[in-house]
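J.: coords please:
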Amino acid sequence: MGRIFKTPSDDAVEETLRSMHIANTVDVAYERSLGWLRTVLFSVATAFIISGYEFYRDWSLWESTGEWVRETLRRWADSIFN
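T.: The predicted structure is shown next:
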């Protein structure tokens with residue numbers, strides 16, 4: 001008999017719950033350590049790559065995004081008021 005469930009047939013259920021708990025514990029440990037480390041490293045790498053591309057090319061992500069937003073809002077306003 002299991003510790004949680006009091007009938008012999010519930011051993012499989014208890015073992016399944018124990019396995020799920022262990023898997024959840026491993027997932028939480030990964031998310032708190034390696035997951036965050038990977039996120040920070042990829043974010044820093046992306047910032048350096050975009051910065052380098054902007055430095056060596058005549059292109060700016062910030063300006064391109066601003067122009068896209070301005071054009072999208074202008075088209076949206078024109079479709080509403082015309």
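
J.: ok, residues contacting the helix or strand harbouring residue 67?
T.: Assessed by DSSP states H and E, residue 67 sits inside helix 61-81. Residues outside helix 61-81 that contact it (Cβ atoms under 8 Å, 6 or more residues apart in numbering): 50, 54. All C-beta spots, glycine's among them, are computed from the backbone N, C-alpha and C.

J.: Low-confidence regions, this structure specifically.
T.: The model of the chain has pLDDT under 70 over residues 1-11.

J.: now the host helix or strand of residue 28, how far from the centre of its chain.
T.: Using DSSP H and E, residue 28 sits within helix 11-30. How far helix 11-30 lies from its chain's middle: 23 Å, per Cα atoms, centre = their mean, to the nearest Å.

J.: just the angle between the next helix or strand after that helix and helix 61-81, please?
T.: Per DSSP H and E, the first helix or strand lying C-terminal to helix 11-30 is helix 36-56. Angle, helix 36-56 to helix 61-81, by axes from the mean of the first three to the mean of the last three Cα atoms, to 10 degrees: 90 degrees.

J.: Helix 11-30 and helix 36-56, what's the angle between them?
T.: Relative orientation of helix 36-56 and helix 11-30, computed by the same axes, to 10 degrees: 40 degrees.

J.: Could you list the alpha-carbon positions for the helix holding residue 28 in PDB?
T.: What follows is helix 11-30, C-alpha atoms only, in PDB (Å, rounded to 0.1, in the frame of the first residue of the first chain):
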ATOM      1  CA  ASP A  11       0.000   2.300  -5.800                       C
ATOM      2  CA  ALA A  12       0.200   3.100  -9.500                       C
ATOM      3  CA  VAL A  13      -1.600   6.400  -9.000                       C
ATOM      4  CA  GLU A  14       0.800   7.300  -6.100                       C
ATOM      5  CA  GLU A  15       3.800   6.400  -8.200                       C
ATOM      6  CA  THR A  16       2.500   8.500 -11.100                       C
ATOM      7  CA  LEU A  17       2.000  11.400  -8.800                       C
ATOM      8  CA  ARG A  18       5.500  11.000  -7.400                       C
ATOM      9  CA  SER A  19       7.000  10.900 -10.900                       C
ATOM     10  CA  MET A  20       5.000  14.000 -11.900                       C
ATOM     11  CA  HIS A  21       6.300  15.800  -8.800                       C
ATOM     12  CA  ILE A  22       9.900  14.900  -9.600                       C
ATOM     13  CA  ALA A  23       9.500  16.100 -13.200                       C
ATOM     14  CA  ASN A  24       8.000  19.300 -12.000                       C
ATOM     15  CA  THR A  25      10.900  19.900  -9.500                       C
ATOM     16  CA  VAL A  26      13.400  19.400 -12.300                       C
ATOM     17  CA  ASP A  27      11.500  21.800 -14.600                       C
ATOM     18  CA  VAL A  28      11.400  24.500 -11.900                       C
ATOM     19  CA  ALA A  29      15.100  24.100 -11.200                       C
ATOM     20  CA  TYR A  30      15.900  24.400 -15.000                       C
END
